[in-house]
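J.: Quick one: sequence plus predicted model below, questions after.
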Amino acid sequence: MTREEIRDKIWYFVGEDASAPAFYTKAMADQAIQEGLELIAEEIKTLRQQAILVTEPGRHWYTIYEVAENCMSPFRIWTDGTNQRLIPLTIDEVDDHYTTWLSVNSNQPQWWYPISFDTFGIWPGASEGGTILRIDYLAWPETLIDDTDEPVFQEIEQDLVILYGEYDALIREWKVERAMDLFNKFATAYRDAQFRSEVRRYHRQFFDRSFHGGYDGRVE
Amino acid sequence: MVAMMAVLSDLIDDVLSRLQDTGMRLFGRDEVARWLVEGYRRLTYNGRHAKTFTCFDLPPRHTAAITFNWERNLASGTWRKWTHSANRSEFTFLWEIMQRSGVSPEPAGGVSVSNLWELAYVDSNVDTFYRFMMPKHEANILTIWHDEQKLSPTTSRTLDSTEDKWWQIGGEPFAYHQTLGNDNQFDVWEIDTAYHQSFELIGGEMGIARAWFEDDHSFHTESMISSWSYGYSWDGEPQATDGESLAGIGRKFTFGPDPDGYHYTHQWEGDVHPAQDEAAAFTNWFEAEVITYLPCGFFRRGLSTERQYFPSHQWSVSGLMRKSGKTDNALLVHHTVYADEKVDEQDTLDLIPGQLSKYLVYYALGILLNQQGEGYDAALAGHYEMRAGRAVPLLRKLAMISRMDTQYVRGGGVRGRTEPPLPSLPSNFPRAPWLRR
């Protein structure tokens, strides 16, 4: 569905005339659509993307803004230098492992650790730099800027956005009781979506026959 | 395109729109801004997601040295009270208190300093705590390192058990505690009295520092422009040349003008004609070497293969680095920060992702709709409060996202947080319910 189609459905459900909406304006509806998309992204964590980061000499810490504009948080880091997935630790764990970790530099990173919501560290810090890091991250949805833009989520999740838009319209009209009903529906529905997302991730991992070389009927 | 940072004025508009009060009949912009900013401060405090590093030189430095406790209310930065309080008075030395109390004072000894960096210049012990103070909006201390060694958290009770004046024992810092000062203060033990300073900011007193100095290292901003393009002696000269402005950066090599409108080369000339301008002036080329940097370009980041630098306000994608430190012979503190309440309408709210700013809107709506009056709606206020409450767990989760990856890592996995395995007991061993998890 495009943004226009989503908006039309919201207008239909709240009884607005799409050609001349009286109360729930286009700007309000577009804002609700964007907000709904962000809610889905932050609750379900279903958007995952990859970006490349090149290390710089002497540098240990990087911000998510350098990774990508829509980076919510990295969750996997792969280094091309040694073809390995970096081990995620905390600062305390890094420090327990290697006392002088702050002054150790090498072009073979091994661990990564979060520092703040927008900063993470790579250990060891780069010596010459130039190492390729492939960073998989949870992403925020792109802002829909045109009516023909289509949200990146699957259509089943886009239904959630319509539900959220309907809720938003009602709550702006202060129809609180009905709006809360819809919000509870939305919350239940995104929990279903969470479940779908989890199943998509784990299903193949454990039950795919090609992975195990043949399905033998056992449930692991 | 993604909105990276929220701007306060946009959020105010959003709140007013949701209240159907864009004409500001019920609520003014200031009132809405007040609750948005309070929500921002609370969210950043409770979320504990914004963390950064701060370096402290040794001995500790403070913005103000105060004599009386009431001066704390006037100090705009960090402070240290350097006097002893007794009998509702302040004293410099213990013997003064004894004298005042009618006790024969012990032989005068020791010294008193108003700033702890003065420790480097005195020979004997100073009878006060070696105390650091965190700036106002820096909340919980997570870890402290000295010279890359993690300091152990301890308590004053433990140190008191040494039955010695532990606050005077010199050596290498290896422990810290927060049990005697205010919540934003901490004491380090043992104390290092040698003078250490990470960086000297050159020219910082005249505005923005563009060059740094530290022991055997010096730094300056890099610029495409390595020299002044032209020199001029009076203000209108660049414009007066051929009727066109000169390109590049010029340097005025004279003082003035004085009240009579004269420009002059030597300071004594200014004394004859008193002038206010204190800019440096030189007339020979070699004098230019005295000035090692040009007044253009800002220092925004430092890279080195030797060490990691610690910019202040590293979370900001813009702005200037005004403070810099290092870990050698210094303290490095990892701590959480929260937002200042002084936010203008055009300010961005950098301490939360822009996408989560909607929770500030909910927070403000929850407060405003709960106000007695025409806009009162308890059910709606409760709903918005409930929605605003979702932000804290979300932010906490984002701050520790690497946990998400732990179950998939290659061999070895994560150290330190796993529980020890349960002992394997023989089948006839008596029942041991306390071993059950």
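T.: Nice, thanks for sending it over. The shown structure was predicted, so the numbers you read here are calculated from the model rather than taken from an experiment.
J.: in the stretch 151-300 of chain B, which spans are strands?
T.: B:152-153, B:175-177, B:185-189, B:200-202, B:211-214, B:217-220, B:230-232, B:250-252 (DSSP state E, counting those that start in this stretch).
J.: right, I mislabeled it, should have said the stretch 1-150 of chain B
T.: When secondary structure is read from DSSP E, counting those that start in this stretch, the stretch 1-150 of chain B shows strands at B:6-7, B:51-57, B:64-66, B:79-81, B:84-86, B:89-91, B:131-133, B:138-146, B:149-150.
J.: Which one, of the ones you listed, ends up nearest to A:Glu66?
T.: strand B:51-57 (16.3 Å; C-beta to C-beta). Quick note: C-beta positions are derived from backbone N, CA and C, even for glycine.
J.: returning to that earlier point: could you identify which of the strands of the stretch 1-150 of chain B is most buried?
T.: strand B:131-133 (a mean of 22; mean count of other C-beta atoms under 10 Å in any protein chain shown).
J.: which strands and helices sit next to that strand?
T.: Using 3 or more C-beta pairs under 8 Å, 6 or more residues apart in numbering or on different chains; DSSP states H and E as the contact criterion, the elements in contact with strand B:131-133 are strand B:79-81, strand B:185-189.
J.: List the neighbouring strands of it plus their orientation.
T.: In the sheet, strand B:131-133 lines up against strand B:185-189 (antiparallel) (DSSP bridges).
J.: How many residues are close by the residue of chain A found nearest chain B?
T.: Nearest residue of chain A to chain B: A:Pro88, at 3.6 Å (C-beta to the nearest C-beta). For A:Pro88, the count of nearby residues is 26 (other C-beta atoms under 10 Å in any protein chain shown).
J.: Does it touch A:Tyr113 like I think?
T.: Yes. Counting by C-beta atoms under 8 Å, A:Tyr113 is a contact partner of A:Pro88 at 6.9 Å.
J.: Now do the helices in chain B.
T.: Here chain B has its helices, by DSSP state H, at B:8-18, B:29-47, B:94-100, B:156-160, B:237-240, B:267-272, B:358-368, B:378-388, B:391-399.
J.: Which stretches in chain A count as strands?
T.: Secondary structure of chain A (DSSP state E): strands at A:48-54, A:61-63, A:71-79, A:84-85, A:87-88, A:111-116, A:119-123, A:132-139.
J.: Indicate whether the fourth one makes contact with chain B.
T.: Okay, so that is strand A:84-85. Yes. Strand A:84-85 comes into contact with chain B (C-beta under 8 Å from any C-beta of the partner chain), by way of A:Gln84, A:Arg85.
J.: Please work out the average pLDDT along that strand.
T.: The average pLDDT for strand A:84-85 rounds to 91.
J.: What is that strand packed up against?
T.: So strand A:84-85, by 3+ C-beta pairs under 8 Å, 6+ apart, packs with strand A:71-79.
J.: how much does the strand it packs on deviate in direction from strand A:132-139?
T.: Per axes from the mean of the first three to the mean of the last three C-alpha atoms, to 10 degrees, the angle that strand A:71-79 makes with strand A:132-139 is 150 degrees.
J.: Strand partners (parallel or antiparallel) of strand A:71-79?
T.: Strand pairing for strand A:71-79, using DSSP bridges, gives strand A:84-85 (antiparallel), strand A:132-139 (antiparallel).
J.: Domain-wise, how is the chain divided?
T.: Just so you know, I chose chain A. Domains of chain A are assigned by automatic domain parsing as A:3-45+A:143-200, A:48-139.
J.: was after chain B, sorry
T.: Taken from automatic domain parsing, chain B resolves into B:6-47+B:344-398, B:222-290.
J.: Just checking the first one against chain A, any contact.
T.: Yes. Where contact is defined by C-beta under 8 Å from any C-beta, part of domain B:6-47+B:344-398 touches chain A, namely B:14, B:17-18, B:20, B:47, B:352-353, B:355-356, B:358, B:377, B:379-380, B:383, B:394-395, B:398.
J.: do you know how far A:Ala68 is from A:Leu138?
T.: The gap separating A:Ala68 from A:Leu138 is 11 Å, by C-beta to C-beta, to the nearest Å.
J.: shaky segments in the stretch 51-200 of chain B?
T.: Within the stretch 51-200 of chain B, the stretches with pLDDT under 70 are B:107-110.
J.: show me what contacts the residue of the stretch 151-300 of chain B found nearest chain A?
T.: With C-beta to the nearest C-beta, the shortest gap between the stretch 151-300 of chain B and chain A falls at B:Leu151, namely 11.1 Å. Taking C-beta atoms under 8 Å, 6 or more residues apart in numbering or on different chains as the criterion, B:Leu151 is in contact with B:Ile144, B:Trp145, B:Pro173, B:Phe174, B:Ala175, B:Tyr176, B:Val188, B:Leu331.
J.: what's the answer for B:Glu31, then?
T.: With contact taken as C-beta under 8 Å, 6+ apart, B:Glu31 is in contact with B:Leu368.
J.: Ok, B:Tyr363 next?
T.: By C-beta under 8 Å, 6+ apart, the residues touching B:Tyr363 are B:Trp35, B:Leu36, B:Glu38, B:Gly39, B:Arg42, B:Leu43, B:Tyr384, B:Glu385, B:Ala388.
J.: sorry, back to before: looking at A:Ala68 and A:Leu138, which one has more neighbours?
T.: A:Leu138 (22 against 19).
J.: B:Leu19 is in contact with A:Arg172, correct?
T.: No. Checked against C-beta under 8 Å, the pair A:Arg172 and B:Leu19 is beyond contact range at 9.4 Å.
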